[in-house]
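Q: Quick one: sequence plus predicted model below, questions after.
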Amino acid sequence: MLSNSLIEQDRAHLVHPVASWRGHEQSGVRLLKSAKGATVTDAEGHQLLDGFAGLWCVNAGYGQESVIEAATRQMRELPYATGYFSLGSEPAARLAARLADRAPGDLNHVYFTLGGSDAVDSTVRFVRYYWHARGLRQKDQFISVQQGYHGSSTVGAGLTALPSFHAGFSLPLDWQHKISSHYAYRNPVGTDPQAIIAASVAELRARIDQLGGADRVAAFYVEPIQGSGGVLVPPPGWIAAMRAVCKELDILFIADEVITGFGRTGPLFACEDEGVVPDMMTTAKGLTSGYVPMGAVFLSDHVYDTIADGAGAAAVGHGYTYSAHPVSAAVALAVLDLYEDGLLENGRRMGARLMAGLQGLSDHPLVGDVRGRGMLAAIELVTDKDAKTPLPAAAAPAPRVFDRAWRNGLVVRAFAQGVIGYAPPLCCTEAEVDAIVERTRLTLDQTLEDPDVRAAMR
């Protein structure tokens, strides 16, 4: 009875993110009641393996007592401290220093936000201030990558390159531009890594020229692996090649590690895989393992110094009430302890097992592509492997696959184009990883029996 009452309250009053509002009114909410480790339990007592770590974020798994204790202790001692007026708190200072020590290269300065979207917005403001401080105000054009995701805020959603985040919002803005994704499975130049890299470099250079040259372009934004675009993994060397173009042309290179950061792909930060040091880097999600809201912008020495020297004695007019929140910082410190006490290593081992298990599904009639790195992966479903024909849109593959996986005791991300995304907690056991793969195969087998899918395959 309580459950039904809550469903009706949700239906009547709670606006859900990235949802059909009328559709949600019809379908209602699936209420989650509790969680532990890699398992979540709904209000009806149905247990599921969370193959998506909430929203790519519960990297440490649910119910970690050390994290809960850190938050409780900090709430009792100092539940809030503003960063304004040169005030602060011990957890925030310790966290900034610890992150700077572990970040790539000279990313020695950290600005805390509430999450990924406002971290991206903060970088936009910092980029503009940086060029103003250098006397180059005409450098005001921004470039990102098709199928990339950089949040859903007013500015960040324009850097995002997914149609649903633009439709009805008058986006992208006229200073926000795109180049094609590296998307190896469906790249016009084929699957050869060097051909993909060459094509992307050429397109980036051409877009810069089209916008008036390097003297007009302020920044280039990219995810080390594109998450919400369908878990699109660039070929080795792609990130480094794009970074090299930006460095050559004096264009700021911004790495969006909101999804990939904190062990999701193996190392603490995905940029480490290619030795890339961005000018700025955004993080969130795994920073606190989703237990409390927090994001962070890492600034390199030269970006920080340019802004600081440009401002002089004046305040840099950018700030949030909850920036460097002491409870969030205390949680992040406890989560970092978990990563460094074995979770990162477990994530590497389980990531290899996950990729091997999903590769084992390649022989399934519906599986066209398996891709990923570490505990971040996807399989792409097709009705014709040679032609790479996607599942028919009329089959509504996203809700169908999600619902079916849910009934099979598995939470996944089901993308509209027939891609299934995975981002399990790093604490997964071998048995849990194997169960994710087994429940996926069951879901695929059931989908294969659908009359409309079989008809499309014929």
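A: Happy to help now that I have it.
Q: low-confidence ranges in the protein?
A: 1-2 (pLDDT under 70).
Q: count of neighbours near Ala455?
A: Ala455 is flanked by 11 other residues according to other CB atoms under 10 Å. For every residue, glycine as well, the C-beta is placed using N, CA and C.
Q: That one: which element?
A: Assigned by DSSP states H and E, Ala455 falls within helix 451-457.
Q: Over to Leu336?
A: Leu336 belongs to helix 326-338, assigned by DSSP H and E.
Q: before we move on, what about Asp305?
A: Asp305 belongs to helix 301-311, assigned by DSSP H and E.
Q: coming back round to it: what residues of the helix holding Ala455 count as buried?
A: Val453, Ala456 (16 or more other CB atoms under 10 Å).
Q: what do you get for stretch 297-309?
A: Those would be Val297, Phe298, Leu299, Ser300, Val303, Tyr304, Thr306, Ile307, for stretch 297-309 by 16+ other CB under 10 Å.
Q: Closest one of those to Val367?
A: Phe298 (37.1 Å; CB to CB).
Q: which strands and helices sit next to the one helix or strand the closest one maps to?
A: Using DSSP H and E, Phe298 maps to strand 295-299. Applying 3 or more CB pairs under 8 Å, 6 or more residues apart in numbering; DSSP states H and E, we find strand 295-299 packed against helix 90-102, strand 109-113, helix 116-133, strand 280-283.
Q: neighbouring contacts of the third one?
A: So the one you mean is helix 116-133. By CB atoms under 8 Å, 6 or more residues apart in numbering, the surrounding residues in contact with helix 116-133 are 111, 113, 137, 139-140, 142, 150-156, 159, 218-219, 221, 252, 254, 256, 258, 280, 282-285, 295-297, 299, 303, 306-307, 309-311, 316, 318, 320.
Q: Is it possible to get CSV of the helices and strands packed on strand 295-299 that adds distance to Glu44?
A: Formatted as CSV, these follow (distance: least, CB to CB, whole Å):
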stretch, distance to Glu44
helix 90-102, 38
strand 109-113, 36
helix 116-133, 31
strand 280-283, 35
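Q: Mean neighbour count, the ones you listed: which tops it?
A: strand 280-283 (a mean of 29; mean count of other CB atoms under 10 Å).
Q: Paired strands for it, with orientation please.
A: Here strand 280-283 is paired, per DSSP bridges, with strand 252-256 (parallel), strand 295-299 (antiparallel).
Q: Would you tell me which strand is longest in this protein?
A: strand 377-384 (DSSP state E).
Q: Show me what it packs onto, helices and strands only.
A: Checking 3+ CB pairs under 8 Å, 6+ apart, strand 377-384 ends up next to helix 344-359, strand 367-372, strand 389-390, strand 419-422, helix 430-448, helix 451-457.
Q: for stretch 151-158, which positions count as buried?
A: Gly151, Ser152, Ser153, Val155, Gly156, Ala157, Gly158.
Q: Keep only those of these that are in strands.
A: Checking these against strands, none of them qualifies (DSSP E).
Q: ok so, going back, next, the angle strand 367-372 makes with the longest strand of the chain.
A: 170 degrees (axes from the mean of the first three to the mean of the last three CA atoms, to 10 degrees).
Q: Pull up the pairing partners for strand 377-384, direction included.
A: When pairing is defined by DSSP bridges, strand 377-384 lines up against strand 367-372 (antiparallel), strand 389-390 (antiparallel), strand 419-422 (antiparallel).
Q: Please convert these to a markdown table, extending it with mean neighbour count.
A: Shown next, in a markdown table, are the strands paired with strand 377-384 (neighbours: other CB atoms under 10 Å):
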| stretch | mean neighbour count |
| --- | --- |
| strand 367-372 | 20 |
| strand 389-390 | 17 |
| strand 419-422 | 25 |
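Q: okay, those strands in a markdown table with distance to Ser180 next?
A: Shown next, in a markdown table, are those (distance: least, CB to CB, whole Å):
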| stretch | distance to Ser180 |
| --- | --- |
| strand 367-372 | 17 |
| strand 389-390 | 18 |
| strand 419-422 | 18 |
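Q: which SS class is the residue sitting nearest the centre point of the chain?
A: The chain has Ile259 as the residue nearest its centroid, 2.6 Å off, counting by CA atoms, centre = their mean. When classified by DSSP: H, G, I helix; E, B strand; the rest coil, Ile259 comes out as coil.
Q: hang on, isn't it packed against Met375?
A: No - the pair Ile259 / Met375 is not scored as a contact, 11.0 Å apart, by CB atoms under 8 Å.
Q: what's the overlap in contacts for the two?
A: Ala423.
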